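In: From the sequence below, what's the structure:
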Amino acid sequence: MQILSLTKEHLNEFINLYIEFFKELRGKQGWNPHDEVEYQAEALHYFKRGDIILLAFEGDRAAGFIRVSSREDSFWIEELYVRPEFRGKGIGKALVKRAEEEVLKWDIALYLFVLPQDKDAITFWKKLGYDMINTIELVKDLEPTARSEILILLSS
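Out: As a prediction, this is how the structure comes out:
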């Protein structure tokens with residue numbers, strides 16, 4: 001496995017991984033994914049903005065990425081994604097460790113947000129030494145969504 005900082009040479013690999021990440025995430029959330037063009041524009045924006053973006057490669061194939069932003073004088077892991085066929089091989093952990101090394105050049109803390117119901121993610125981050133800060137998330141669907149229809153069925 002090789003981990004590289006994102007350059008223009010590998011920008012398309014990052015954009016493809018970014019699109020895959022959001023398709024999977026929105027599917028888990030019960031939401032429809034946005035148009036791929038929107039995700040392409042976001043990924044390009046984050047690259048141009050100078051976010052820390054690291055890509056993991058297995059051979060010549062992009063296996064995953066991590067993106068870290070700087071906001072409110074803190075560094076935040078925004079996304080961590082490993083393609084399903086590469087999961088369980090330590091790639092996510094390696095990406096996090098490398099991101100931590102990059103952040104240590106400027107700061108001594110790294111933050112992230114995990115949905116409270118995502119027990120696997122919470123376990124993953126705790127194993128890597130991250131501490132839980134109490135978070136409460138609320139949402140109100142102003143128009144019916146696939147997610148709200150699922151919640152109605154579950155509460156019946």
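
In: Tell me which residues of the lengthiest strand in the chain come out buried.
Out: Longest strand in the chain, counting residues (DSSP state E): strand 61-71. Neighbour-count burial for strand 61-71 flags 62, 63, 64, 65, 66, 67, 68, 69 (criterion: 16 or more other CB atoms under 10 Å). Just so you know, the C-beta spots here come from the backbone N, C-alpha and C atoms, and that holds for glycine as well.

In: How about the contacts made by the third one?
Out: For residue 64, the contacting residues are 17, 55, 56, 80, 81, 82, 83, 86, 91, 92, 95, by CB atoms under 8 Å, 6 or more residues apart in numbering.

In: Quick one: buried ones out of these?
Out: 17, 55, 56, 80, 81, 82, 83, 86, 91, 92, 95.

In: The fourth one reaches residue 98, doesn't it?
Out: What it means is residue 80. No - counting by CB atoms under 8 Å, residue 80 does not reach residue 98; the two are 11.3 Å apart.

In: Between these two, which contacts overlap?
Out: residue 66.

In: quick one: the strands in the protein?
Out: Using DSSP E, strands in the chain cover 2-5, 52-58, 61-71, 74-82, 111-112.

In: Quickly check the buried residues of strand 61-71 for the two that are furthest apart.
Out: Taking CB to CB, the two most distant members of those are 63 and 69; they sit 21.7 Å apart.

In: mind checking the longest helix of the chain?
Out: Longest helix of the chain, by residue count under DSSP state H: helix 11-29.

In: rewinding a little: would you format the strands of the chain as a markdown table with distance to residue 130 and mean pLDDT included?
Out: Shown next, in a markdown table, are the strands of the chain (distance: least, CB to CB, whole Å; pLDDT from 0 to 100):
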| stretch | distance to residue 130 | mean pLDDT |
| --- | --- | --- |
| strand 2-5 | 19 | 96 |
| strand 52-58 | 17 | 97 |
| strand 61-71 | 14 | 96 |
| strand 74-82 | 9 | 96 |
| strand 111-112 | 7 | 94 |
